[in-house]
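> Kindly generate the corresponding structure for this input.
(one chain, ligands or ions: 2)
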Amino acid sequence: MSKKRVVLTFPKETVEQPITYHLIKDYDLMVNILSAKVNPNEEGRLVVEISGQKQRLNSGMDYLKGLGVAIQPLAQDVRWDEQRCTHCTACLPICPSHALSVNRAEMRVSFDSEYCIVCGLCLKACPYQAVEILF
Ligand code: SF4
Ligand code: SF4
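Residues are numbered from 1 along each chain as shown. Ligands and ions are numbered 1, 2, ... in the order given. The predicted structure follows:
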């Protein structure tokens with residue numbers, strides 16, 4: 001079983017196509033949608049975790065690329081700037097996935113991109129713009 005957490009950007013002409021349905025039905029993949037921004041006649045964006053047999057997962061990715069869907073690894077989409085972070089902890093209660101956490105002994109905040117679901121909530125919470133989401 002292989003797993004990928006990726007950001008999918010759909011050309012506007014594809015946003016109304018049942019693409020996730022095809023990934024599930026035709027490629028036998030599990031698709032967990034972590035966040036979505038889809039509007040008719042606009043470019044769409046899904047943050048997903050896709051898992052399944054490695055060969056099928058690769059075939060599913062090829063299917064997406066064939067439709068013109070851009071695929072980016074999730075970790076490249078969120079940037080936490082340690083130099084800007086004052087370790088104020090304002091973002092901690094906001095972060096639903098505990099990607100931002102604090103070492104209580106040292107009162108130092110850290111970011112683990114593996115857990116980040118790119119919800120964007122910390123951007124509003126952070127007074128120092130220490131987190132940036134790259135679209
Ligand atoms: S975008 Fe921010 S609040 Fe959302 S999961 Fe990632 S670190 Fe946490
Ligand atoms: S709110 Fe911003 S400055 Fe404060 S701990 Fe979180 S990332 Fe760092």
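
> any idea how the protein splits into domains?
For the chain, whose domains are defined here by automatic domain parsing, the residue ranges read 2-75, 77-135.

> for the shortest one, what is the average pLDDT?
In this model, domain 77-135 has a mean pLDDT of 91.

> Let me know whether it sits next to ligand 2.
Yes - under the criterion of Cβ under 6 Å from any ligand atom, ligand 2 is reached by domain 77-135 at 85-91, 100, 109, 125-126, 128, 130-131. All C-beta spots, glycine's among them, are computed from the backbone N, C-alpha and C.

> How many neighbouring residues does Ile50 have?
Residues lying near Ile50 (other Cβ atoms under 10 Å) number 25.

> is it fair to say it lies in a helix?
No - secondary structure of Ile50, determined by DSSP: H, G, I helix; E, B strand; the rest coil: strand, with no helix assignment.

> Who is it paired with across the strands?
The residues paired with Ile50 through beta bridges, assigned by DSSP bridges, are Lys4, Val31.

> picking up where we left off before, so which of the domains of the chain is nearest ligand 1?
The closest of the domains of the chain to ligand 1 is domain 77-135. By Cβ to the nearest ligand atom, the value is 3.2 Å.

> Tell me how many other residues surround the closest residue to Leu100 other than its chain neighbours.
Using Cβ to Cβ, 6 or more residues apart in numbering and skipping the chain neighbours, the partner closest in space to Leu100 is Cys91 (5.0 Å). By the criterion of other Cβ under 10 Å, Cys91 has 25 neighbours.

> what's the helix or strand for Cys91?
Using DSSP states H and E, Cys91 sits in no helix or strand.

> what sits against it?
By Cβ atoms under 8 Å, 6 or more residues apart in numbering, the contact list for Cys91 reads 100, 109, 122, 125-126, 131.

> Looking at those, which are in helices?
Members of these lying in helices (criterion: DSSP state H): 122, 125.

> Sweet, I'm off.
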